[in-house]
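Student: curious how this folds, go ahead:
(one chain, ligands or ions: 1)
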Amino acid sequence: MRRAWESQLDNHDGAVADYIPELFKANPNCFGMAIATVKGKLFSVGDVTVPFTIQSVSKAFAFCLALEIAGPEMVASRVGVEPSGEAFNAIVFDPETNRPFNPMVNAGAIAVAGLLYEYLGDSAFDVLLERFSMAAGCDLALNEAVFRSEDETGHRNRAIAHLLLANEAIAVAPDKALDVYFRQCSIDVTALDLAWMGATFANMGTNPQTRHMAFDLAAVRSTLAVMFTCGMYDYAGHWAYDVGIPAKSGVGGGIVGVVNRQLGISTYSPRLDAKGNSVRGVGAFKALADDFGLHAFDCTNVGSSFITSLLR
Ligand code: GLN
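Tutor: Below you'll find the model as predicted:
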């Protein structure tokens, strides 16, 4: 893992997100990487205890929660599972259904947040935070400053929420859906937290250390499928080709990857490429996938003996 991390140390490409003003305060040089195993072991290198907001990485976990709470049919009536090939904040809907293409882009995630509010009312965010915390194995908290910053400047997301109401993809007031969405994106995590959250998905919804079940088994399967096809926005195809594991990125600079039944992997580095993915994160994941043979379709499986040793 250190080799994968070191391979990106001299990579200064990309820029810290500034469209949410508070995000621009991040230290551009921070860079951490962590691996948590389903056996409860943890490996890390670099800045793995620096907090940053989870941003779009939350979309995968919120979708998983919605599948459990509202049921797959209800969820399917509000949001698709098809890659959009568009930017994360694109204002596009499936022309056949008028629904967002998938829950990993903003439009779909706001529809999911609306569904959580519809079922859970004002406790929606608290329930979500509790489940995210169970997945991380520690108490996560809201970053108020980032929440306020996004709430004040998120006009594009406001527009999307109103279109969702017009399209009947949400059944609650747009402001209610947005409040859940902005808050879920503004949860502070560290690279260590994200690795455990990934390991919880890898471990069929149960945190490997605490043994608490954070997510429903069937919902995890569906979530990993959508992460695999849509998790890296309009880079998802390249990611599947080069790295080959389900993953989700966020504009805070985090990426979580899942090697099913084996590992949760995370990176944190806030400089982003034009598609909104962490530059060093993508580079480090590619290097790690090569070194460990992580790709789902890697027939040579060069890393399998190494991973087997990790999992003992
Ligand atoms: N909260 C961010 C937004 O809605 C999340 C985007 C992201 O991480 N890609 O713009």
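
Student: how about the helices in the protein?
Tutor: Under the criterion DSSP state H, the chain contains helices at 2-6, 57-70, 72-78, 106-120, 124-136, 144-153, 155-166, 174-185, 191-202, 217-230, 236-242, 279-292, 304-310.

Student: in CSV: those helices, plus mean neighbour count, distance to K41 and mean pLDDT.
Tutor: Where you see a C-beta, it was placed from the backbone N, CA and C, and this is true even at glycine. Formatted as CSV, the helices of the chain follow (neighbours: other Cβ atoms under 10 Å; distance: least, Cβ to Cβ, whole Å; pLDDT from 0 to 100):
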stretch, mean neighbour count, distance to K41, mean pLDDT
helix 2-6, 16, 16, 94
helix 57-70, 26, 22, 98
helix 72-78, 15, 33, 97
helix 106-120, 26, 31, 98
helix 124-136, 21, 16, 98
helix 144-153, 17, 31, 96
helix 155-166, 18, 38, 97
helix 174-185, 23, 29, 98
helix 191-202, 29, 9, 98
helix 217-230, 20, 20, 97
helix 236-242, 17, 26, 93
helix 279-292, 23, 15, 95
helix 304-310, 12, 7, 59
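
Student: so V226 sits against V81, correct?
Tutor: Yes - counting by Cβ atoms under 8 Å, V226 touches V81, with 5.4 Å between them.

Student: got any residues that touch both of those two?
Tutor: Common neighbours of V226 and V81, using Cβ atoms under 8 Å, 6 or more residues apart in numbering, are 102-103.

Student: from G198, how far off is A135?
Tutor: From A135 over to G198 the distance is 9 Å, taken as Cβ to Cβ, to the nearest Å.

Student: how about G276?
Tutor: For G276, the distance to G198 - Cβ to Cβ - is 19 Å.

Student: middle-most residue in this protein, spatially?
Tutor: Central residue of the chain (Cα atoms, centre = their mean): V57, 1.9 Å from the mean position.

Student: if L272 is in a bridge, with which residues?
Tutor: Beta-bridge pairing of L272 under DSSP bridges involves A15, S278.

Student: list the contacts of it.
Tutor: 14-17, 251, 253, 278-279.

Student: ok, now with 6 Å
Tutor: Contact analysis of L272 by Cβ atoms under 6 Å, 6 or more residues apart in numbering lists 14, 17, 278.

Student: look up how far the ligand lies from V172.
Tutor: With the distance defined as Cβ to the nearest ligand atom, to the nearest Å, V172 ends up 18 Å from the ligand.

Student: how about S133, nearest residue that isn't a chain neighbour?
Tutor: Distance criterion Cβ to Cβ, 6 or more residues apart in numbering; nearest residue to S133, sequence neighbours excluded, is L140 at 4.7 Å.

Student: the one you found and R131 touch, don't they?
Tutor: No - counting by Cβ atoms under 6 Å, L140 does not reach R131; the two are 10.0 Å apart.

Student: ok, back up a step: what about the helices of the chain, which gets the closest to V45?
Tutor: helix 2-6 (4.7 Å; Cβ to Cβ).

Student: which parts of this protein sit against the ligand?
Tutor: The chain comes close to the ligand at residues 55-56, 88-89, 106, 150, 157, 185, 250-251, 276, as judged by Cβ under 6 Å from any ligand atom.

Student: can you pull the contacts of V112?
Tutor: Per Cβ under 6 Å, 6+ apart, neighbours of V112: 62-63, 66, 103.

Student: would you check how far apart it and C30 are?
Tutor: 29 Å.

Student: what would the helices of the chain look like in CSV with distance to A34?
Tutor: Formatted as CSV, the helices of the chain follow (distance: least, Cβ to Cβ, whole Å):
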stretch, distance to A34
helix 2-6, 10
helix 57-70, 14
helix 72-78, 30
helix 106-120, 24
helix 124-136, 12
helix 144-153, 22
helix 155-166, 29
helix 174-185, 21
helix 191-202, 4
helix 217-230, 18
helix 236-242, 19
helix 279-292, 11
helix 304-310, 13
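
Student: quick one: closest of those helices to I265.
Tutor: Comparing those by Cβ to Cβ, helix 191-202 comes nearest, at 6.0 Å.

Student: which helices and strands sit right next to that closest one?
Tutor: strand 32-37, helix 124-136, strand 254-259, strand 263-268 (3 or more Cβ pairs under 6 Å, 6 or more residues apart in numbering; DSSP states H and E).

Student: list the helices and strands the longest one packs on?
Tutor: The reference is to helix 124-136. So helix 124-136, by 3+ Cβ pairs under 6 Å, 6+ apart, packs with helix 106-120, helix 174-185, helix 191-202.

Student: export the ones you listed to JSON lines and tack on distance to L217?
Tutor: What follows is the helices and strands packed on helix 124-136, written out as JSON lines (distance: least, Cβ to Cβ, whole Å):
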{"stretch": "helix 106-120", "distance to L217": "19"}
{"stretch": "helix 174-185", "distance to L217": "22"}
{"stretch": "helix 191-202", "distance to L217": "11"}
